[in-house]
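[1] Okay, here's the prediction I keep looking at, along with the sequence it came from:
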Amino acid sequence: AQSVSQHNHHVILSEAASLELGCNYSYGGTVNLFWYVQYPGQHLQLLLKYFSGDPLVKGIKGFEAEFIKSKFSFNLRKPSVQWSDTAEYFCAVNEAGGGADGLTFGKGTHLIIQP
Amino acid sequence: EAGVTQSPTHLIKTRGQQVTLRCSPISGHTSVYWYQQALGLGLQFLLWYDEGEERNRGNFPPRFSGRQFPNYSSELNVNALELEDSALYLCASSRAGEQYFGPGTRLTVT
């Protein structure tokens, strides 16, 4: 069975600080990887995804993530955060090649950006 | 394009009752997924439907069931409600492996 671990449950940063949110997964096979974001009062939105190819993927709003297969990691980064990035961030994984199966989510990281 | 829609927005049920939640996918999407977001447990995969068939289910008891209609909309049924079923139930539809989520139905069991 797959599992996803997000290391930080709560992160507080000042505007313009750099961001890195950790995500590790446990699965022996090939996976698809995702980061979702949930802004206050809104529903889950896809930030970025990795299926194959270049392990550095870019998403919306200046976010990027790097897949490091040897470390089973898919960390989310942003060089300079804004107050509007305050949200809950979820890392997710599903099995690649088996059709688009259900996602296994991490517990989420609550990010607060202070102006 | 219109997003995934779910109904109702919220509802309150009594322990032991049955409930039906509904989901309409994005036009052109044939796969529908159901997730439960319970306090303290995070987002958990419930069911996956594609082309009218159940393709996979998560670690939930059989009293959680559903179906997908020819127009690809879906229903989630929960029988014999328990207090711990109180949660936000999210529906997602998929295209090219990307899942798009609806706003959810908040279920409270008293």
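    That came through, no problem.
[2] Centroid-nearest residue for the chain?
    All of this is about chain A. In chain A, the C-alpha nearest the mean C-alpha coordinate belongs to A:Trp35, at 3.3 Å (Cα atoms, centre = their mean).
[3] wrong one, chain B
    Closest-to-mean residue, chain B, Cα atoms, centre = their mean: B:Trp34 / 3.5 Å.
[4] returning to what we had before: element containing the residue nearest to the centre of chain A, please.
    For A:Trp35, the host element (DSSP states H and E) is strand A:31-38.
[5] Are that strand and chain B in contact anywhere?
    Yes - Strand A:31-38 lies within reach of chain B by Cβ under 8 Å from any Cβ of the partner chain, at A:32, A:34, A:36. (Each C-beta comes from the backbone N, C-alpha and C, glycine too.)
[6] can you pick the most crowded of those?
    Within the residues of strand A:31-38 next to chain B, A:Phe34 tops the neighbour count with 26 neighbours, counted by other Cβ atoms under 10 Å in any protein chain shown.
[7] does that residue really touch A:Ala92, like I thought?
    Yes - between A:Phe34 and A:Ala92 there is a contact at 4.4 Å, judged by Cβ atoms under 8 Å.
[8] what touches both of those two?
    Taking Cβ atoms under 8 Å, 6 or more residues apart in numbering or on different chains as the criterion, A:Phe34 and A:Ala92 both touch A:Leu103.
[9] What pLDDT does the model give the residue in chain B that chain A sits nearest to?
    Distance from chain A to each residue of chain B (Cβ to the nearest Cβ) is smallest for B:Phe45, at 3.4 Å. pLDDT recorded at B:Phe45 is 96.
[10] Would you mind naming the residues that bridge with it?
    On the basis of DSSP bridges, B:Phe45 is bridged to B:Tyr35.
[11] Neighbours of it, how many?
    Neighbour count of B:Phe45, defined by other Cβ under 10 Å: 23.
[12] dump the residue contacts of it.
    Counting by Cβ under 8 Å, 6+ apart, B:Phe45 touches A:102-104, B:33-35, B:58.
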